[in-house]
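Show me how the following folds:
(chains A, B, C, D, E, F, G and H)
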8 protein chains.
Amino acid sequence: MNKTEILTLLHGVQSGSVKPEEAILKLKLQPFEDLGYAKVDHHRVIRQGSHEVIFGQNKTSEQIAGIIMGLTHNGATNILITRLSAETAESLNALVPIEYYPIPKLAIAVRDTTKPKVGLVVVASGGTSDISVCEEAALTAETLGSTVTRLYDVGVSGIHRLLTQLDVLMSCRVVVAVAGMEGALASVIGGLVDCPVIAVPTSVGYGTSFGGVAALLSMLNSCASGVSVVNIDNGFGAGYLANMINQMEACQ
Amino acid sequence: MNKTEILTLLHGVQSGSVKPEEAILKLKLQPFEDLGYAKVDHHRVIRQGSHEVIFGQNKTSEQIAGIIMGLTHNGATNILITRLSAETAESLNALVPIEYYPIPKLAIAVRDTTKPKVGLVVVASGGTSDISVCEEAALTAETLGSTVTRLYDVGVSGIHRLLTQLDVLMSCRVVVAVAGMEGALASVIGGLVDCPVIAVPTSVGYGTSFGGVAALLSMLNSCASGVSVVNIDNGFGAGYLANMINQMEACQ
Amino acid sequence: MNKTEILTLLHGVQSGSVKPEEAILKLKLQPFEDLGYAKVDHHRVIRQGSHEVIFGQNKTSEQIAGIIMGLTHNGATNILITRLSAETAESLNALVPIEYYPIPKLAIAVRDTTKPKVGLVVVASGGTSDISVCEEAALTAETLGSTVTRLYDVGVSGIHRLLTQLDVLMSCRVVVAVAGMEGALASVIGGLVDCPVIAVPTSVGYGTSFGGVAALLSMLNSCASGVSVVNIDNGFGAGYLANMINQMEACQ
Amino acid sequence: MNKTEILTLLHGVQSGSVKPEEAILKLKLQPFEDLGYAKVDHHRVIRQGSHEVIFGQNKTSEQIAGIIMGLTHNGATNILITRLSAETAESLNALVPIEYYPIPKLAIAVRDTTKPKVGLVVVASGGTSDISVCEEAALTAETLGSTVTRLYDVGVSGIHRLLTQLDVLMSCRVVVAVAGMEGALASVIGGLVDCPVIAVPTSVGYGTSFGGVAALLSMLNSCASGVSVVNIDNGFGAGYLANMINQMEACQ
Amino acid sequence: MNKTEILTLLHGVQSGSVKPEEAILKLKLQPFEDLGYAKVDHHRVIRQGSHEVIFGQNKTSEQIAGIIMGLTHNGATNILITRLSAETAESLNALVPIEYYPIPKLAIAVRDTTKPKVGLVVVASGGTSDISVCEEAALTAETLGSTVTRLYDVGVSGIHRLLTQLDVLMSCRVVVAVAGMEGALASVIGGLVDCPVIAVPTSVGYGTSFGGVAALLSMLNSCASGVSVVNIDNGFGAGYLANMINQMEACQ
Amino acid sequence: MNKTEILTLLHGVQSGSVKPEEAILKLKLQPFEDLGYAKVDHHRVIRQGSHEVIFGQNKTSEQIAGIIMGLTHNGATNILITRLSAETAESLNALVPIEYYPIPKLAIAVRDTTKPKVGLVVVASGGTSDISVCEEAALTAETLGSTVTRLYDVGVSGIHRLLTQLDVLMSCRVVVAVAGMEGALASVIGGLVDCPVIAVPTSVGYGTSFGGVAALLSMLNSCASGVSVVNIDNGFGAGYLANMINQMEACQ
Amino acid sequence: MNKTEILTLLHGVQSGSVKPEEAILKLKLQPFEDLGYAKVDHHRVIRQGSHEVIFGQNKTSEQIAGIIMGLTHNGATNILITRLSAETAESLNALVPIEYYPIPKLAIAVRDTTKPKVGLVVVASGGTSDISVCEEAALTAETLGSTVTRLYDVGVSGIHRLLTQLDVLMSCRVVVAVAGMEGALASVIGGLVDCPVIAVPTSVGYGTSFGGVAALLSMLNSCASGVSVVNIDNGFGAGYLANMINQMEACQ
Amino acid sequence: MNKTEILTLLHGVQSGSVKPEEAILKLKLQPFEDLGYAKVDHHRVIRQGSHEVIFGQNKTSEQIAGIIMGLTHNGATNILITRLSAETAESLNALVPIEYYPIPKLAIAVRDTTKPKVGLVVVASGGTSDISVCEEAALTAETLGSTVTRLYDVGVSGIHRLLTQLDVLMSCRVVVAVAGMEGALASVIGGLVDCPVIAVPTSVGYGTSFGGVAALLSMLNSCASGVSVVNIDNGFGAGYLANMINQMEACQ
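Numbers count the residues shown, from 1 in each chain, chains lettered A, B, ... in the order given. Below you'll find the predicted structure:
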């Protein structure tokens, strides 16, 4: 129910075609759409080319297929399904055609490749162990409409590898810095670039990495300005936010 | 040393006015300016109206005044000094005129009020206990060039107070959500708005708030998309990042 | 041994039919029944329709069947068996007929459906991942005699879903708020309702959810009054307490 | 704005005396009162004899006096002010007469002693070190209308002291069990009584008490049914919840 | 009320001089003395020469003096007062003569030096920083009747200092091993001796000593058999237990 | 090398039959036997009826059989093998006859049942979940020569079960209190008895039991005197120490 | 690109054979080699006899074989592959001949046994459970060129075993002290020797060992000078650093 | 007692001038010097120019002066006193002339400036907040005989500042990397240099720095080889170890 609809409802009350008691019930059941909330959602669809993201874990292929159908009826395209096991992906694909990426366990349904990718998001990591988190971030941002460059060989223990990539780092709009172990990558990149850095700690490591806590703390304590942090292994969240920032319109 | 200067240096080598041995020394001493780094810094000044932020803690008023002088010579205005005690602020003001805000312990030197504020950053918090962190964020973003709206009475335990502010929340470009205790504010706002939310946990609370850890974990685990987190009590970092995102140019 | 029995014993001593030395032994062996404790247990049976709850984990089906037999001899009905694996449930059912609920791993033996359900307990959660904990709470409260309404789609990241359920929230006597991840649901509900809220953190989540610790801390730090917390994943404990509060008699 | 007022508003639209555009604005600004929320608040006042609790920490005596005045205008009595320092209490008392209790740092304004106390809440603790938390709980429950019995000498390391109080424990409606150190009191009481037990861990102790964490964990892991937990040192929260449960009306 | 007294009570019932209703009340009020508990306490006094230990923290000198008086009336001597500040000690001494030891903040009242010290307890520590905890342990054990030898210069980082004390270590009945920092002393002594070792972690240290947690964990993980651990800085508890073990009678 | 042997060696030097250079080498290679250490070991065998305990985990049946052979050659009997898997136990039994107890995963080799059991150790726990830890403690103490009484149904949430066992608790020489979850059993027993209590936290529980940490902290913070603690699940350590204390000789 | 090459490049610019624009590009792409970095790497190869260490985990045998080939082309020998599973080792061996050590899961390719081992590194541990970490350290140091002595039976709970090895401890250049559980070995050795001690905590243990945290904290808090610590179970890191220190050239 | 002395002792026994019983006593009292330990200490003096380091905290100026006197009698020079408060330093200086450095709270007594400094230790940190820890490390290493270069402006958030110092980093023998907050400096330096890096986490920071834990974890998880870690704020330990490594003699 958007602003137009509520006005129509109220005009109905005014004209006598709707009883006040009925109107109060409708308003009560949809308090938010009354307040213009749906318009925002509509806006999101137009700008980002997606209605919803489906968290695939603990859902059956039938449930997921059902949700995809529902979204498709509303015109959604480029629907993301995250944390989707290879088994569920296979049976889902028999119901609805999907593109499945096994490393980040992510699928895309109702792919619409006609929409152009815009801006530039860099997804950077120090090695190859974090690749599943990196790809979750990168594919999320790409699917939602961002151009993404991957820098997967730029760890701080060999700082020259990072420095040879200064050009791309300095020309991008957002960086997603993915790191396990000591998590220093976010700080070093934060000191080099002039754009927002979204740090993603990963659970890669052993011993005192404590499942990503060492990297998390390192990132939260970054001396560099412009760095913020998401949950351990939350590649999706970082990619979603990176795309959101990347697609910011000009400030009036 | 920017790209022009390094070309000049190399032309000097070419023409014989600079010896190769001298050139190699210069390159070595300024490896980064050789690589175009200074240009970025220059860019920052133009766009954000500030050269540098001074971390005031553990610095004497003389040291801070010296740094301000240096920055002023390079044309800097709107210089921020954070974590500045009232005592140091008083003696600093005798050396360099500053505007001092005692609650967030923040000062601004060489104020240039001619530059217009742009965009819209909302700084939201649930009560009045977090006000020093909120003001550090708000003043930082304002000083760096953002229009800021403060919503300081919108805690989740009285959700209607937040809901009456939906208009401003939905029209802003970035939200800084500041909360101690259970930190739920970031999730609730993240579920309402369609723009980046920077969550700032604060050390306000007692017992199991563990100096802000409860709020931090709550924020890192937010179910809402578009939420990222900075260090406990890091109002400055949130305000800096909020301004950076708020001033994003349009994406090509 | 209740108050009547101890008086009988003492009268026996008075009349000479019981020797003081025998009496002291009996008193020593049953110190609590001497003190009226059994009366309380008796009271519990009458009011709640259950003698005991059986913690099924690490017990064989034979052991559980034996306990059920014993309870039945004392007239117990609606006996709960919690944390019961599907395998044990199957072999138990061959010995004693049970109703088994596989998702919360809970069974009910000697079902007595003639007793009316009273009051209203709401079990609320933000998504579908917490459903096993929710159902453990809901079935426990129902079996012990409470009417239960389930609200399983009311997470704080889409606050409008919760707000459309204000009617049921405001008419119930107790709320069980189940949440993993950031655990904000308890605070938001606590701010909306005027009755006790029992918060159950769940181990659902990843990374910094730390197996439910993030939700636990969030709930313990709730700004809302009337909220208390039970152990992570302790659906049974919450359902038991919710029923106890729901069935409170009027205060004189 | 209650249900009657919104109907009046809509009838105004129907009759033409209110324009639809004005109505939509009013609804938007007060989304909750539209939904019957204020009625609940009204209900709270009637039943509990209090409008609001004032968190005194970090507020000036002038601010607190102002809030008390506001509440009094709406007919509130028995207003609680928690975490109020002796200094602020003294200057507040010059503005508004209060009863001040220095040990729990709690004050009561606009005392109305004509309302009867009802039911029975027991506040139990093991020693004298936890007395400030106990008194915060006890005074809160008393002020809100509950009869309170204090058992302050019943620690588990001398279990006979607790057992001599079985009569009062078994006749009360709610127990608030306050304990620092090992926090075993809640479990032992929970095993003895048949009513809700609200456990309050306190920060009393040293070394591995970790500021109340040992007691908190002990309480969360209680084997006894009917036990729930609030934040460390949160005497107010426990007293508030205890009164809420104690004043439950009979279940239909 | 001991076994004799309960028999007397029951004979009174038998003879008609006590009514059964009165008897039940008496039994109810003193459930434990009925069970022979007081006899145990009596036993303790005879064997250990002490009625009670007074925890001095947060008690006034008047309160402590009152307790001492009460204990003295029952014939107690060698009364320990722990965690007693120098100020309270001074004012207490004006009321009741005490021996005060400022380093462990411990006092002894009603000193009876005629009772012989028996057995041998060694209190060992690695340096001089832990001396207050050591002395609390040593004075406690001495006051309760044990001969105590202090070994305060036997840290593991200079193992030869410990080895030169093998004679005394091997001839004692119990060792109290006090250590902060890495806490290795308990393990090394546990590997050398053939008697119980009570390990006391102390909060001495900085950084990762985490207020005694490092030493605590080290001690709990000791590879040596016969080592058990008490709370951080709990010199009193260790001394009390050491004396209890030291004074064990021969096993039948 | 005992004191006699070193004297023989030195007399050999004195008489010229041993060269000083050879003597220095011998002393260097056996520094401890020179110092009378072996005599202590000899003492241990006589008093406790055992030479050594074998930690079975990660050892092959051949390795364990070899160690048993070696010990047997020196006259050892009642050799304990702890943490021995059922598989290794079976293959070990084919090499050396053992008694194997599957629940605590413990075996005894070269059983000598002629030695009398002495004293009394009580092993107490609240339920049946901790039984493997309990049995490890009980069998260890029994094998080393102590009489052991098991009290496995005495949890604090039903305190009357514990109180009916006061007789045995008050007549024993040492108590091993085993508890998971909230660990309150150690404090309650510590307040009832007058002998050393060795508390063993177990990893039984879920959620905030944190693998035994809740019980550990509860036990370390026990208000009762005479309680000390061993590592989580360390039944062997508790049984070993309990036997050591139980077999203390009379104090001179 | 070394110093000679950059001078050649600049002379090329000087002579006109290289355009300034081309030179700037080359400098940009290899910022570090410009600065003399490659010379260092060259130095490393000569001195340590190894080009690189391959982290085997999560790499296929084909990937590892490819890296080995590449390194071999550059003349590398004694290439270490760490954390290599038995399965991958087997398939790798079919591609490139390797020596595989299953306990530390470590392989060596292109073995060059002609290079002499120098110096002396001692790898010490208390038992046999830590052997995989010990061997990772020992084989790493040996492969990189150090003579290594293993002392695997020198735990602190039987300190005489350590003391009989004083000769080798006092004659070595570096000690790697490996310990789980209480981690006291590092402190005891640190107090005995006069050379750097690298402490390696291991995850061996149970309960409060917390996967190596107890040993880690113990080692970080060592009272002995000259002790530093690496990550839990990081045998490779310790062996690498031990070899680096062992092969230090004389100080000018 | 060195090897010569023990031989003399044994020759005394051989010749009859010393009785075997006397010899055994001497050996027992000095078990280590018998074993050649003193020779090592002697060695240390010669090589490092220092006998001992005095931990100044909690010692009186008289005690410290006494220890200095004792050491001086044995020819010690360059005696370090760490953690010495300004007050104690002043009163100590009245007894024994010292050089006092107020920032690291460190003093040097009996300065011998004739001994040359050797090798090269770099002490690096990211800012000025860590300066007291840095200076403790630097002065320790200098006093013990090492040449030290300080790099105090090389934080990773401005990586170019570090890169301009590559020359000194690559020519030194050991680096002490001091960092609070995110602690990334150790990893970045570890990736640049080819010598041992000793990482010192500092307690500088706020919020999630947790008093140095964030930096500690970051350093322990460093991806760079050759990095080891000491306790938080342990500048002395790092400086001591750095000097020890720096002064390594050539490996045979």
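
per the record, what domains does chain A have?
Domain assignment for chain A by automatic domain parsing gives A:1-30, A:31-115, A:118-251.

Deepest in the core, which of those is it.
domain A:118-251 (a mean of 25; mean count of other Cβ atoms under 10 Å in any protein chain shown). Where you see a C-beta, it was placed from the backbone N, CA and C, and this is true even at glycine.

Can you confirm whether that domain lies near chain B?
Yes. On the criterion Cβ under 8 Å from any Cβ of the partner chain, domain A:118-251 is in touch with chain B at A:118-119, A:163, A:166-167, A:170, A:173, A:194-196, A:198, A:216, A:220-221, A:225-232, A:237-238, A:240-241, A:244-251.

Could you tell me which of the residues you listed belong to strands?
Among the residues of domain A:118-251 next to chain B, DSSP state E puts A:Val118, A:Gly119, A:Ile198, A:Val227, A:Ser228, A:Val229 in strands.

Run through the strands of chain A in chain order.
A:53-55, A:79-82, A:98-101, A:106-109, A:118-125, A:146-151, A:174-179, A:197-201, A:227-229.

can you list these in TSV and add distance to chain F and mean pLDDT?
Formatted as TSV, these follow (distance: least, Cβ to the nearest Cβ, whole Å; pLDDT from 0 to 100):
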stretch	distance to chain F	mean pLDDT
strand A:53-55	23	85
strand A:79-82	27	92
strand A:98-101	35	96
strand A:106-109	31	95
strand A:118-125	32	95
strand A:146-151	39	95
strand A:174-179	28	96
strand A:197-201	22	97
strand A:227-229	25	96
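
Switch these over to CSV; also include distance to E:Leu80.
Formatted as CSV, the strands of chain A follow (distance: least, Cβ to Cβ, whole Å):
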stretch, distance to E:Leu80
strand A:53-55, 61
strand A:79-82, 63
strand A:98-101, 70
strand A:106-109, 67
strand A:118-125, 61
strand A:146-151, 67
strand A:174-179, 56
strand A:197-201, 51
strand A:227-229, 52
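
and A:Met181, what does it touch?
If you count contacts by Cβ atoms under 8 Å, 6 or more residues apart in numbering or on different chains, A:Met181 has them with A:Gly126, A:Val204, A:Gly205, A:Ser209, A:Ala214, A:Ala215, H:Asn221, H:Ser222, H:Cys223.

In contact with the nearest residue in space to A:Ile131 that is not next to it in sequence, which residues?
Distances taken as Cβ to Cβ, 6 or more residues apart in numbering or on different chains put A:Ile103 closest to A:Ile131, at 6.1 Å, once the chain neighbours are dropped. Residues counted as contacts of A:Ile103 (Cβ under 8 Å, 6+ apart) are A:Ile131, A:Ser132, A:Glu135.

how near is A:Ile103 to A:Val96?
21 Å (Cβ to Cβ, to the nearest Å).

swap in A:Gly235?
From A:Gly235 to A:Val96 the distance is 23 Å (Cβ to Cβ).

picking up where we left off before, so which of the contacts of A:Met181 sit within helices?
A:Ala214, A:Ala215 (DSSP state H).

Dump the contacts of A:Met181 to CSV, plus distance to chain D and pLDDT.
Listed next are those as CSV, based on distance: Cβ to the nearest Cβ, whole Å; pLDDT from 0 to 100:
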residue, distance to chain D, pLDDT
A:Gly126, 35, 83
A:Val204, 30, 87
A:Gly205, 27, 87
A:Ser209, 24, 90
A:Ala214, 22, 93
A:Ala215, 25, 94
H:Asn221, 25, 92
H:Ser222, 30, 90
H:Cys223, 33, 80
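
tell me which of the contacts of A:Met181 is nearest to G:Asn78?
H:Cys223 (21.7 Å; Cβ to Cβ).
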